[in-house]
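Visitor: Any chance you could fold what I've pasted below:
(2 chains)
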Protein chains: 2
Amino acid sequence: MDVVIIGGGAAGMSAASKAKRVNPDLNVIVLEKGKYVSYAECGIPYFLEGVVPSVNDLIHYRIEEFTKNRGISVRTGIEVLSINRDEKMTNLDNGERMRYDRLVIATGVSPKIPENLQFEGAMGLRSLESASAIQEELKNASNVGIIGDGVLGIELAASLVQRGLEVTVYSRHNAVFKHLGEFVGSEFRKYFESKVRVIKDSTIERVARNGPGFEVYYDGRQDKYDLVLFATGTYPNTSLAKKCSIITDERGLIVVNEKMQSSDPEIYAAGDCATTINIVTGKKDWHPLAQISNKMGRVAGSNIGGSVMIFPGSIGTTLVKVFDYEIGFTGLTLDEALKAGFVAKSVNIKAKSRANYYPGGSDVFLSLVYDTGTKRILGAQVVSKDGGAWRLNTLAVAVQSKMTADDLFYTDLGYTPPFGPVWDPIIIAADSAMK
Amino acid sequence: MDVVIIGGGAAGMSAASKAKRVNPDLNVIVLEKGKYVSYAECGIPYFLEGVVPSVNDLIHYRIEEFTKNRGISVRTGIEVLSINRDEKMTNLDNGERMRYDRLVIATGVSPKIPENLQFEGAMGLRSLESASAIQEELKNASNVGIIGDGVLGIELAASLVQRGLEVTVYSRHNAVFKHLGEFVGSEFRKYFESKVRVIKDSTIERVARNGPGFEVYYDGRQDKYDLVLFATGTYPNTSLAKKCSIITDERGLIVVNEKMQSSDPEIYAAGDCATTINIVTGKKDWHPLAQISNKMGRVAGSNIGGSVMIFPGSIGTTLVKVFDYEIGFTGLTLDEALKAGFVAKSVNIKAKSRANYYPGGSDVFLSLVYDTGTKRILGAQVVSKDGGAWRLNTLAVAVQSKMTADDLFYTDLGYTPPFGPVWDPIIIAADSAMK
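Guide: Residues are numbered from 1 along each chain as shown, chains lettered A, B, ... in the order given. Predicted coordinates:
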């Protein structure tokens, strides 16, 4: 049986590896448009910062690991132009046609640059190729503008400041990283603005290359940079799927079931280009995140190999380190919860990360979102310079397992002074929510 | 209504505060034998190390917080000699008799020094008074022996080494901190033994004061120390309860229901001197830990105040930092699971704490214990110099919420290179257990 996998990122390589492991008789071929497979896009900001010396360090496994040790064919620099579902055939950009019994679309996302801001050479951040190109540009840069203030925008800004550059971030909102909420983000935003020039409430009219530099036109003004980067979001690469009439949703995502099958049961989709079920709302959602992509890929591969795996969905837990701040969110924000129809509230807690008497602690800013009727925990947002990341993950397990505030309050967390006070901020928040 | 609380530690002060908050009309009196209330025993090793400058820093709230702000009477230096349940009366060591409508026994534990090793001036570690006494002795010490290698023994050893002392730990076993298991503890034990002299498989015959120093006689040999400390466990202070025929179990713990009522419904018990329900086994157990004591105290106080709270039990999550190692366990070890009647197995994982390419990571040693039939996670043990503590707490939520290995595998942890690899050790362990 021929299994063709389009895309060699997290989802594609997980699907290939799992399918082959489950059923070694499969003939598994990965077709990747770029020159890299199995790479860590999440590491790109650290490469640009200089913490990670080479782009090659961001490769999880080299191609030979797949071809020699796992028995998978990998062809890079090959783009699939179209899919003929009747003939079960893919048409490649070198004129070749390749038959499949099962197809996996794992084509990921591309940077979404607003139409009115596009120009020849506009740079977003996604592939390792784009990372190398930006690294080249940065060699002669001292002054960088970043359009966009989401997770990537603020992470990139901090990386470049830490590299020694002057950085400006353009935000459409009155605060960066709006998703974080006012209370939880307050201290972090103050610090961020002490390190990064932030242009708030800005409407950008045009970005243009001008000789070796760039110009940003906004709100009737004009700034010059050595380099401008776009962190304005992404869109799913699903034109292939659309062209052959596979069902996509209003965001352009390939709609999949819990086995990762698209509307054509012989065509699977996995990763950032496919829908997931949001476990909190029970509805289709989009969580373009590496860990989820990996798992979706594995589920697709396992099912193709003949061993049933069911993907239960995801909660979109997102974690980022920006300067010394550990920042993250899981499940729903209060706004999202209300929009999803929950009668929801949130409690906002600021409490110490360690026992008062133990040196080195920080404030933990924590917002816990819960349903007022059932007291179910619907989501959380956390910011701290100490123990923020894993407090978030602890809360992620609570959200995923549908704990109530009472359940969380009584949860027996390990306590020792260097890692928390005896009433941890998590327990304080749960206590406050259960009242 | 008169509420008398015996013991001013975590459970007692939580009970007092909650009862008074729920019902301000209550007359709440705390009787404490020592001179401190509301203190952090868990911080004592850091005080002895010198990280925490004064024993007063280990006091959570000063007495005035309770007496002036919370309307609670606190009397220190008062011991209750007996309880007359028929008359609802306590007899104090100053000859006074004090009536109660509701009584809370929150008398905690005392260091348990094996009978054959007891001598005048033998020192265990528990109260702030004992901490101050030991601190005095340490001023002239350069060489300390510690009898016992459990959580307290190894924590204390590391604290004293970091203070610059030479430390010897006597272990009855062939490895320190036996509870941790061979695999998970291996790297840590090697490091520990490079810093601390460990006498393994030792049987101690006698410990004696000799002039200004101490002598330890074991296995036919004899060692001399400036100071010897006992970390040989604790026993519950329940002689008061036994004398008035309140039901205690085979360990001497006061048996309580989920409202913290003893066999006499007007007498509550909370904290280290009372039973808890082990959520994993469903059976009565003993978890003498500060956080659990606090919660039990709060539950007792709330029920006395008239607002029903139900304590669901605990899983005994224990966390300790020893040198740079973050060490902990939650739920059951494999041995405990087998003894409890589960058909259990464990998976042992050694994996990186951060993305490979991100500097500063460590190995995470993780043992995940699960039921082979239901795949329910029964417990975990974790050791790592990076991100061990909160990985343990993340697993604690999984154990508490009765997740299966599949549930845990699909749990959506936040991922970012400084805090974990894209397949976190937790997810790798869950994956391995679900197969």
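
Visitor: could you pull out the strands for the stretch 301-435 of chain A?
Guide: A:318-322, A:325-331, A:344-352, A:363-371, A:377-384 (DSSP state E, counting those that start in this stretch).

Visitor: how about those in a markdown table, adding distance to A:Asp264, mean neighbour count and mean pLDDT?
Guide: (Glycine included, C-beta is placed from N, CA and C.) Shown next, in a markdown table, are the strands of the stretch 301-435 of chain A (distance: least, C-beta to C-beta, whole Å; neighbours: other C-beta atoms under 10 Å in any protein chain shown; pLDDT from 0 to 100):
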| stretch | distance to A:Asp264 | mean neighbour count | mean pLDDT |
| --- | --- | --- | --- |
| strand A:318-322 | 31 | 24 | 97 |
| strand A:325-331 | 32 | 28 | 98 |
| strand A:344-352 | 38 | 20 | 98 |
| strand A:363-371 | 37 | 25 | 98 |
| strand A:377-384 | 34 | 28 | 98 |
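
Visitor: among those strands, which is nearest chain B?
Guide: strand A:318-322 (3.0 Å; C-beta to the nearest C-beta).

Visitor: touching chain B at all, the closest one?
Guide: Yes. Strand A:318-322 lies within reach of chain B by C-beta under 8 Å from any C-beta of the partner chain, at A:Thr318, A:Leu319, A:Val320, A:Lys321.

Visitor: Pull the contacting residues for the first one.
Guide: Applying C-beta atoms under 8 Å, 6 or more residues apart in numbering or on different chains to A:Thr318 gives the contacts A:Val151, A:Leu289, A:Gly328, A:Phe329, A:Thr330, B:Gly414.

Visitor: Now for these: which two are most distant?
Guide: Using C-beta to C-beta, the pair of these lying farthest apart is A:Val151 and A:Thr330, separated by 13.4 Å.

Visitor: where exactly do the strands run in the stretch 101-250 of chain A?
Guide: A:102-105, A:109-111, A:143-147, A:166-170, A:197-199, A:204-210, A:213-218, A:221-225, A:227-230, A:234-236.

Visitor: winner for burial among those strands?
Guide: strand A:102-105 (a mean of 29; mean count of other C-beta atoms under 10 Å in any protein chain shown).

Visitor: what lines up beside it in the sheet?
Guide: Under the criterion DSSP bridges, strand A:102-105 sits next to strand A:2-6 (parallel), strand A:267-269 (parallel) in its sheet.

Visitor: For the one residue in the stretch 151-300 of chain A that gets nearest to chain B, give its distance to B:Lys33.
Guide: Closest residue of the stretch 151-300 of chain A to chain B, C-beta to the nearest C-beta: A:Gln291 (4.6 Å). Per C-beta to C-beta, to the nearest Å, A:Gln291 is found 52 Å from B:Lys33.

Visitor: the more surrounded of those two?
Guide: Applying other C-beta atoms under 10 Å in any protein chain shown to A:Gln291 and B:Lys33 shows that A:Gln291 carries more neighbours, namely 24 against 18.

Visitor: Contacts only, for that one.
Guide: Under the criterion of C-beta under 8 Å, 6+ apart, the neighbours of A:Gln291 are B:Asp412, B:Leu413, B:Tyr415, B:Val422, B:Trp423, B:Asp424, B:Ile427.

Visitor: Ok, A:Leu156 next?
Guide: Neighbour list for A:Leu156: A:Pro45, A:Leu48, A:Leu125, A:Ile146, A:Leu229, A:Ala231 [criterion: C-beta under 8 Å, 6+ apart].

Visitor: And for A:Phe419, nearest residue in space, chain neighbours not counted?
Guide: In this structure, A:Phe419 finds its nearest non-sequential neighbour in B:Ala389, 4.3 Å apart by C-beta to C-beta, 6 or more residues apart in numbering or on different chains.

Visitor: Please apply the same query to A:Leu152.
Guide: A:Ala231 (4.3 Å).

Visitor: Tell me the bridge partners for A:Gly379.
Guide: A:Gly331, A:Val369.

Visitor: measure it to B:Arg163 for me?
Guide: For A:Gly379, the distance to B:Arg163 equals 44 Å [C-beta to C-beta].

Visitor: From A:Gln291, how far out is the residue nearest to A:Ser302 when sequence neighbours are not counted?
Guide: Excluding the flanking residues, the one nearest A:Ser302 by C-beta to C-beta, 6+ apart is A:Met309, at 4.1 Å. A:Met309 is 16 Å from A:Gln291, where distance means C-beta to C-beta.

Visitor: A:Arg21 too?
Guide: Distance, A:Arg21 to A:Gln291, by C-beta to C-beta: 19 Å.

Visitor: what helix or strand is A:Gly12 on?
Guide: helix A:10-22 (DSSP states H and E).

Visitor: any chance you could map the helices in chain A?
Guide: Applying DSSP state H to chain A gives helices spanning A:10-22, A:44-49, A:63-64, A:128-138, A:151-162, A:182-195, A:239-243, A:290-305, A:334-339, A:388-400, A:405-409, A:425-434.

Visitor: Work out the gap between the longest one and the centre of the chain.
Guide: In this case it means helix A:290-305. 16 Å (C-alpha atoms, centre = their mean, to the nearest Å).

Visitor: residues contacting the residue lying closest to A:Asn23 once chain neighbours are set aside?
Guide: Excluding its sequence neighbours, the residue lying closest to A:Asn23 (C-beta to C-beta, 6+ apart) is A:Gly305, at 3.9 Å. By C-beta under 8 Å, 6+ apart, the contact list for A:Gly305 reads A:Lys18, A:Ala19, A:Lys20, A:Arg21, A:Val22, A:Asn23, A:Leu26.

Visitor: and A:Gly305, how far is that from A:Ile246?
Guide: Distance, A:Gly305 to A:Ile246, using C-beta to C-beta: 22 Å.

Visitor: what's the answer for A:Trp390, then?
Guide: Taking C-beta to C-beta, one finds A:Trp390 at 39 Å from A:Ile246.

Visitor: try A:Val30
Guide: 20 Å.

Visitor: Name the residue in those two with the higher neighbour count.
Guide: Per other C-beta under 10 Å, whichever of A:Val30 and A:Ile246 has more neighbours is A:Val30, with 29 against 21.

Visitor: May I ask you to confirm that that one is in contact with A:Thr67?
Guide: No. Under the criterion of C-beta atoms under 8 Å, A:Val30 is not in contact with A:Thr67, lying 9.5 Å apart.

Visitor: thinking again about what came up before, report the entries of the contacts of A:Gln291 that also contact chain A.
Guide: Restricting these to those near chain A - C-beta under 8 Å from any C-beta - leaves B:Asp412, B:Leu413, B:Tyr415, B:Val422, B:Trp423, B:Asp424, B:Ile427.

Visitor: This completes my enquiry, with thanks.
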